[in-house]
Every structure is written in structure tokens, then in C-alpha cells.
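[1] Turn this into a structure:
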Amino acid sequence: MNNAPRVPAWLNDAVIYSIYPPSFSDSNADGIGDIPGIIAKLDYIQDMGFNTLWIAPWYLSPFEDGGYDVADYRKIAPRYGKNSDAKRLFREARRRGIRVLLDLVAGHTSRQHPWFQQSCDPKPNKYSDYFIWTGWNDKLPGRLKSIAGYSQRSEAYVSSYYWCQPALNHGFAQRDPGCRWQMSPRSPAARRVRDEITDVMKFWLDMGASGFRCDMASTLVKNDPDKKETSRLWQYWRRMLDQEYPEAVLLSEWGRPQAALAAGFHLDFMPGVGSTLFRNERGRHLGNFHGHSVFSKSGKGDICQWLDTYLKDYAVCRSLGYIAPFSGTHDQMRLNVGRSEAELKVIMAFLLTMPGTPLIFNGDEIGMRDLSVPPKEGSMARSGARTPMQWDPSRKAGFSAAPVKDFYLPIDPDPARPNVADQLNDPKSLLHTVRKLIALRQAIPALKARGDFSPIYARPGKYPFAFLRQSEGKIVLTSFNPTRKHQRASFDAGPLTGRPELALGEQATCLLRGKQARLEMGPFTYGIFRFVPLKPI
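    Below you'll find the predicted structure:
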């Protein structure tokens, strides 16, 4: 992979661990995770091999949408600690070689944010146009919606996602001349908002953050169908980083890598994770996918359906930045819905051998199950992925000393629920597999972010799936059989030479006979093969 010079070199080695703060680790027995709890687990995170964190919003908030309704961008929510705790986290993480990415919510605030409170004043002031205020009867473009009657202003405010999230005014790409409230992205008001977000970014970068995961990144400028103005805005922030914080990175919640990386992001999430790749037929889903995913045990998935799109993204993006394969987030169904540990190992092997910068959601490394639990703080169906981290087999799972009734969300009630302590003691566990995969990735340059990628066996509706990773003249073959049946494949060996050596995996064999390669794989297996040169006779 030709890595662009402007992409920080450390991303080539990065493996990201995503933390949802209220359900990770509670240090003060109030039933809610906090920053000191994260600090207490940094040794575990380091031992696993993760060297980058993405922490979901920890800012002051009324928590009507899990913290994505920000009331003060520069202040830690009291339930998580203080700004001094954030400073200590940055310091302790960096001491262990771990960088920290924060969640940047640049498109909206909470209604409790002082900017919005002052914007509600009917008397014109500096903040009057920080948000989008519409006329009573004006038709809104696209899917925008407005909330009337909240303030003494005669207008209604546009909300971003939930009703409690007034949209910041980054302007309109296409404007209705009859609606004076639809301002240009280059209007004085939009520029002031842009500068406010710039100052927020600098505040946390100066404190010790290494960059941001950017919430709803494609939605900032309104009525922007081709995203040109939204891209121009992110490019402005990217130039600022390149000039003033060249080691800082931006990870987008965009889901269209070609557009996101062209807009200035270093990373965008890999499309298809919640549907065509990993969705389990037994599980709920937040999108509109219907059918069989590639990693379903039925064997009815089609790798080529996903791969065709991925290869187009990869070809364009490999010179701009990275596509981030990820196990899930706090917004998605967990991988473990009716899956066995063997199935989860195959998925983890795929994620951690793909190009780009992989991301594992906390709890996925032990196979935490997606649960049916009541909504919490606007989570709706997403609360099933946000339950407390399971650290040990005790009744409270080592999450908190608080009464169980006070836990942020109910804990998995199954006494056999997966937990960190038991899996640390089991060398064949999913946790140990993830740790070995990360260590292998770090040891072999071909498996890192910028190693070249090329499928070598991918057939519609067939398994296994195999691809090559290459760097510095070294080649690694990775193969996956996520199905319940034994699978085999024969194909042109291409650049493969020498003796195949299984670096990691089980029930997987690779044979080279002349110009032909043959794979044999048991059910729910993966194989990562290095090639040892043959000694001359």
C-alpha cells in the first residue's frame, strides 16, 4: 500500500479498542463506569496489544442520547470524573504507548448548551445564528425536522437526530432564496461555528488527545446532496491538523470511504459490517439488510457481493488513508447473537488480518452477547450492545461494587456469561486468540495497515475465502471458513512459493503443488500461512 506522507506513520501499527464509558469499569461504586475505571484497566488494554483507544462522549450532558447531546465540550461529565482525570488518562495511556481518540460531536449540541440557551433569546446576540432557526410554515429540505415552541423566539429550531439535539449552523449547500434562515456555509455565522469547533479540537489535543472519531460526519452542512460543502468543511479542519497537530488523526462515521478520505479523514469505517458481512440471521438489525451474511454458518452468503464494493473503495483509498474494519460499536448489534466461540474466532481473524486500522468494541474480545434490555438514555434497541463489561465470574461481573439494581444497564443474567478472568486462564479462549492475532499482526509487516491486499480465492456463494497480504517481499495467505461444513478449494498459486507454514489457526492446511494451491478447512476455522523458502537439494 502506498501510504501518503501526510498520514501519521503510527496508524500503520494502530489497533483500536473502543470504549463506551458508562458500561466499562466503575471505580466509585455508583453503578456507572468512569475515567478512573478506564485508567485502572489500561494494563489489561496494553497486555491485549491495543495501542489506541476511542472513547465515546465523556462531556457534560443531560444524557438524553447517551452523551451525544453535549452541554459543554470542554468539561468532563461529573459521573465520569473531572478534567484532571482526563489529563491523567492521557498521561497514563501515553506512558503505556496508547493513544486516545475522543468523540467529536460537531453537528449538534444539547438544548442545555450555553450556546443554544443564548441562541433562544429573542433579542439578537452573538449566538442567535449558531443554530438553524426556521420560519413557522417553511418547508424543510430533505429529512430535516424542526421543533417549535421551545423558546421565546418566534421560530422553530432544526434538530439533528433526536428532538433534544439542536443542529449547529454549518450552512446550507443549496439554499431556498425565500428562506433567509438558510445561510451559506461561508456566512459569518457558519464561520463562527466552525471556529468554535476548531477551538474545541485544539483544547483536547493540547490536553493530550491524539485525534477524534467524528460523529455523523457527512451531515454537517445541510441540503448538501453531493457532500461538497461538508467535505470542504472537514478539509479545513484537516489542514489545521496537518499544520498544527500533524500526528493527530480523524476517524469518520461516514461509511463511504472514498468520500470520507477525499474529505480529509485519515480513516473511515468499513461498510457492510452490520449487514452483508457479519449480521447473524437470528439477530436484530438496525438497517434494511435482508439475506445471508458472508460470515453466517449457513454458508449461503456471497463474499463477492461485498468484495466487489470493498475493492473499489480500497483502490481509491489506499493512497489517502485507511479503511477501518471493526467488530462493532455501541450503536450496533454485537457479533455474538447465537454464535459459538469458534465462529467468533473466525471473524476476529478476518478483522485483524485485513488492511487498514482495525477496531474492536469493548467486550467483543471475550464474545459478550447482545442482550434484550430496556432502552437507556435514548439508546432504543442499541442498549443490547451497551451492557456492563464482564471482568470476572462474580455476581457483579467485576464491573462495579454498587448494588446490581444501580448498574447503568442490566448485566448478562447467564451464569456462564463470558468474562475476562476466565478467558485469561484459558489459553484456547477467544481472548487469547484476539491477543495472538494482534501480536501476529504487529510482528509481520505484511499484516499491518498498509500491507498490500489481494483476494486469491473468492467465488460467488462458495467457501473458503482467501486473500494475500504482502509487504517488503513477504507474503501471507489468510483463509476463512465461517460455515458449519468442511470446505476445500484449489486455485492458481500465483506468487506463492515455498513451504506453507501455519502461523495461526487450526484445522486448516495449505499445499502447494507446482503452480496450484489447495486449501482444506474444517468447520468454523481460519488459517494464516507464511511461506518458508525451500532449501536447494
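[2] now for the lengthiest helix in the chain, which elements pack on it?
    In the chain, assigned by DSSP state H, the helix with the most residues is helix 188-207. With contacts defined as 3 or more C-beta pairs under 8 Å, 6 or more residues apart in numbering; DSSP states H and E, helix 188-207 has these neighbours: strand 72-76, helix 83-95, strand 99-104, strand 211-214, helix 228-244. For every residue, glycine as well, the C-beta is placed using N, CA and C.
[3] start to end distance for stretch 159-168?
    9 Å (C-alpha to C-alpha, to the nearest Å).
[4] Tell me how far it lies from the chain's centre.
    Taking C-alpha atoms, centre = their mean, to the nearest Å, the mean C-alpha location of stretch 159-168 is offset from the chain mean by 22 Å.
[5] Stretch 491-503 now?
    Its chain's C-alpha centre lies 33 Å from the corresponding centre of stretch 491-503 when counted by C-alpha atoms, centre = their mean.
[6] And for stretch 72-92, what's in contact with it?
    The contact list for stretch 72-92 (C-beta atoms under 8 Å, 6 or more residues apart in numbering) reads 21-22, 30, 32-36, 38-39, 42, 58-61, 63, 67, 100, 113-114, 200, 203, 207-209.
[7] and those residues, which are buried?
    Among those, those scoring as buried are 21-22, 32-36, 38-39, 42, 58-61, 63, 67, 100, 113, 200, 207-209 (criterion: 16 or more other C-beta atoms under 10 Å).
[8] Give me the subset of the contacts of stretch 72-92 that lies in helices.
    Among the contacts of stretch 72-92, the residues falling in helices (DSSP H) are 35, 36, 38, 39, 42, 114, 200, 203, 207.
[9] of all these, which two lie farthest apart?
    Spatial extent of the ones in helices among the contacts of stretch 72-92 (C-beta to C-beta) is set by the pair 42 and 114 at 33.2 Å.
[10] In JSON lines, list the helices and strands packed on helix 188-207 along with distance to residue 133.
    Formatted as JSON lines, the helices and strands packed on helix 188-207 follow (distance: least, C-beta to C-beta, whole Å):
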{"stretch": "strand 72-76", "distance to residue 133": "21"}
{"stretch": "helix 83-95", "distance to residue 133": "32"}
{"stretch": "strand 99-104", "distance to residue 133": "24"}
{"stretch": "strand 211-214", "distance to residue 133": "25"}
{"stretch": "helix 228-244", "distance to residue 133": "20"}
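[11] if you compare these, which one is most tucked away?
    strand 211-214 (a mean of 26; mean count of other C-beta atoms under 10 Å).
[12] Give me the distance from it to the chain's centre.
    Here the centre of strand 211-214 is set off from its chain's centre by 10 Å, with C-alpha atoms, centre = their mean.
[13] I'd like the numbering to begin with 146 instead of 1 from here.
    OK, 146 is where the count begins now, so the last one is strand 356-359.
[14] Pull up the pairing partners for that strand, direction included.
    Its sheet considered, strand 356-359 pairs with strand 244-249 (parallel), strand 394-397 (parallel) by DSSP bridges.
[15] want to throw those into JSON lines with distance to residue 365 and mean pLDDT?
    Output for the strands paired with strand 356-359, formatted as JSON lines (distance: least, C-beta to C-beta, whole Å; pLDDT from 0 to 100):
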{"stretch": "strand 244-249", "distance to residue 365": "11", "mean pLDDT": "98"}
{"stretch": "strand 394-397", "distance to residue 365": "11", "mean pLDDT": "98"}
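[16] Could you say which one of the ones you listed comes nearest to residue 574?
    Of all the strands paired with strand 356-359, strand 244-249 sits nearest to residue 574, with 27.0 Å by C-beta to C-beta.
[17] Now do the same contact list for residue 386.
    346, 356, 393, 394, 395.
[18] re earlier: can you mark which positions in the longest helix of the chain are buried?
    Within helix 333-352, the residues scored as buried using 16+ other C-beta under 10 Å are 334, 335, 338, 339, 342, 343, 345, 346, 349, 350, 352.
[19] Send over it as CSV, restricted to the C-alpha atoms.
    Only the C-alpha atoms of helix 333-352 are listed here, as CSV (Å, rounded to 0.1, in the frame of the first residue of the first chain):
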residue,chain,number,x,y,z
PRO,A,333,-20.2,34.8,9.2
ALA,A,334,-22.4,32.7,11.4
ALA,A,335,-21.3,29.4,9.9
ARG,A,336,-17.6,30.5,10.1
ARG,A,337,-18.1,31.4,13.8
VAL,A,338,-19.5,27.9,14.5
ARG,A,339,-16.6,26.4,12.5
ASP,A,340,-14.1,28.3,14.6
GLU,A,341,-15.8,27.3,17.9
ILE,A,342,-15.4,23.6,16.9
THR,A,343,-11.8,24.3,15.9
ASP,A,344,-11.1,25.7,19.4
VAL,A,345,-12.8,22.6,21.0
MET,A,346,-10.5,20.3,19.0
LYS,A,347,-7.4,22.3,20.0
PHE,A,348,-8.5,22.2,23.7
TRP,A,349,-8.4,18.4,23.8
LEU,A,350,-5.4,18.0,21.5
ASP,A,351,-3.4,20.3,23.8
MET,A,352,-4.5,18.3,26.8
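[20] Tell me what angle it forms with strand 217-221.
    Orientation of helix 333-352 against strand 217-221 (axes from the mean of the first three to the mean of the last three C-alpha atoms, to 10 degrees) gives an angle of 20 degrees.
[21] does residue 161 really touch residue 506, like I thought?
    No. In terms of C-beta atoms under 8 Å, residue 161 does not count as a neighbour of residue 506; the distance is 9.6 Å.
[22] Would you mind listing the residues touching both of these two?
    Residues touching both residue 161 and residue 506 (C-beta under 8 Å, 6+ apart): residue 471.
[23] Find the nearest non-adjacent residue to residue 564, please.
    Closest residue in space to residue 564, ignoring its immediate chain neighbours: residue 535 at 4.3 Å, by C-beta to C-beta, 6 or more residues apart in numbering.
[24] any idea how far the one you found lies from residue 423?
    According to C-beta to C-beta, to the nearest Å, residue 535 stands 21 Å off from residue 423.
[25] hang on, the earlier thing: pLDDT (mean, whole number) over the longest helix of the chain?
    Helix 333-352 shows a mean pLDDT of 98.
[26] now do stretch 518-531
    Stretch 518-531 comes out at a mean pLDDT of 93.
[27] which residues touch the closest residue in space to residue 534 that isn't next to it in sequence?
    Closest residue to residue 534 apart from its sequence neighbours, by C-beta to C-beta, 6+ apart: residue 169 at 5.2 Å. Residue 169 makes contact with 178, 182, 183, 186, 507, 534 under the criterion C-beta under 8 Å, 6+ apart.
[28] follow-up on the earlier one: okay, the angle between the longest helix of the chain and helix 228-240?
    Using the same axes, to 10 degrees, the inter-axis angle of helix 333-352 relative to helix 228-240 is 60 degrees.
[29] Can you give the domain ranges for the chain?
    Here the domain assignment for the chain is 154-255+335-586, 597-677, based on automatic domain parsing.
[30] most tightly surrounded among these?
    A comparison of those by mean neighbour count, using mean count of other C-beta under 10 Å, puts domain 154-255+335-586 on top with a mean of 20.
[31] could you show me where the helices are in the chain, in order?
    In the chain, the helices defined using DSSP H lie at 180-185, 187-193, 228-240, 259-264, 333-352, 373-389, 402-407, 448-462, 486-496, 565-569, 575-588.
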